[in-house]
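# missing the sequence, but the structure's below:
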């Protein structure tokens, strides 16, 4: 994975400082977990006061070349995160696909075009990884998110089924 | 991954012979690709006459401990296939999730409860792999498939977004 750094999209907000999207390190775990916990569902699911399970999971994830956990950093602050997984497969003549999960934008940085920048990074990285397809699921009730992904070129062609185990 | 062998579900069809669900080997590639190609979309996407790209992809997949490509075998015939991917992550206290892709049942074996058996295998394997969630997407037009997954306990809680690269 390449680290990506570029000026913010001038059309979104000309005043945005430079944004760096880079591979997460173990030092980023507290900031990432803080963002995961900072929403109504996440508040119930996450334990930012006990990082031990996250450190274990990070080590597993970091040792897997198909996992690309990144953070977006602006003026030294962690303002976003995203997890991209490259999945090899036999279908479509042995093509790989990419899956986007765990997209989070820091509360202070929402509405600045950062979500667009993160997803565009994921699309570009999926291409670099020779994936023929990039996919994600979004909760059926999140109509704003659906419009966001459609604007970026995704098609809501599927239903997403989940089962808690 | 454990190999799974059990008598067929008596309630589905008491006459079904024993079914084995096992990890795919390189020798299974022609049968798997044949099933991938045997539907309207697959017929355009796959090249069962040229297995080279599939062999390359199989080697990549087979060397990755998070990929579980299986075949269902009945009386020596390959009658189904499924690809399960275990995805580590930070969310939900560092939980792993499982993704089901490329479910195919041989044309001769449809309507025999085999799809149920394959998905039940995937759910059980996801549990064995300590996943807290198992997920899949299904084309929005495939209403019968949606009912099938809901009967098995999945909830259509999400929209599935895809983008060809």
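That came in fine, so what should we check first? Just so we're clear, the structure is a prediction, and the values are computed from it rather than from any experiment.
# Helix, strand, or coil at the residue nearest to residue A:80 when sequence neighbours are not counted?
By the measure of C-beta to C-beta, 6 or more residues apart in numbering or on different chains, the closest residue to residue A:80 outside its immediate chain neighbours is residue A:72, 3.6 Å from it. C-beta coordinates here come from the backbone N, C-alpha and C atoms, glycine included. At residue A:72, secondary structure determined by DSSP: H, G, I helix; E, B strand; the rest coil is strand.
# May I ask you to confirm that residue A:72 is in contact with residue A:78?
Yes - here residue A:72 reaches residue A:78: they are 7.3 Å apart, a contact under C-beta atoms under 8 Å.
# Show me which of the two is the more surrounded one.
Taking neighbours as other C-beta atoms under 10 Å in any protein chain shown, residue A:72 and residue A:78 compare with residue A:72 leading, 24 against 19.
# Any figure for the gap between the more buried one and residue A:28?
11 Å (C-beta to C-beta, to the nearest Å).
# Residues that sit against both of those two, list them.
A:78, A:81 (C-beta atoms under 8 Å, 6 or more residues apart in numbering or on different chains).
# Okay, and the beta partners of residue A:133?
Under DSSP bridges, the beta-bridge partners of residue A:133 are residue A:97, residue B:164.
# Contacts only, for it.
Residue A:133 makes contact with A:92, A:95, A:97-98, B:162-165 under the criterion C-beta under 8 Å, 6+ apart.
# Just give me the neighbour total for the residue nearest to residue A:153 when sequence neighbours are not counted.
In space, residue A:153 comes closest to residue B:163 once its chain neighbours are excluded; the distance is 5.4 Å by C-beta to C-beta, 6+ apart. The number of residues packed near residue B:163 is 19, by other C-beta under 10 Å.
# picking up where we left off before, quick one: the residue nearest to residue A:80 from chain B, how far?
Using C-beta to the nearest C-beta, to the nearest Å, residue A:72 is found at 15 Å from chain B.
# try residue A:165
With C-beta to the nearest C-beta as the criterion, residue A:165 and chain B are 5 Å apart.
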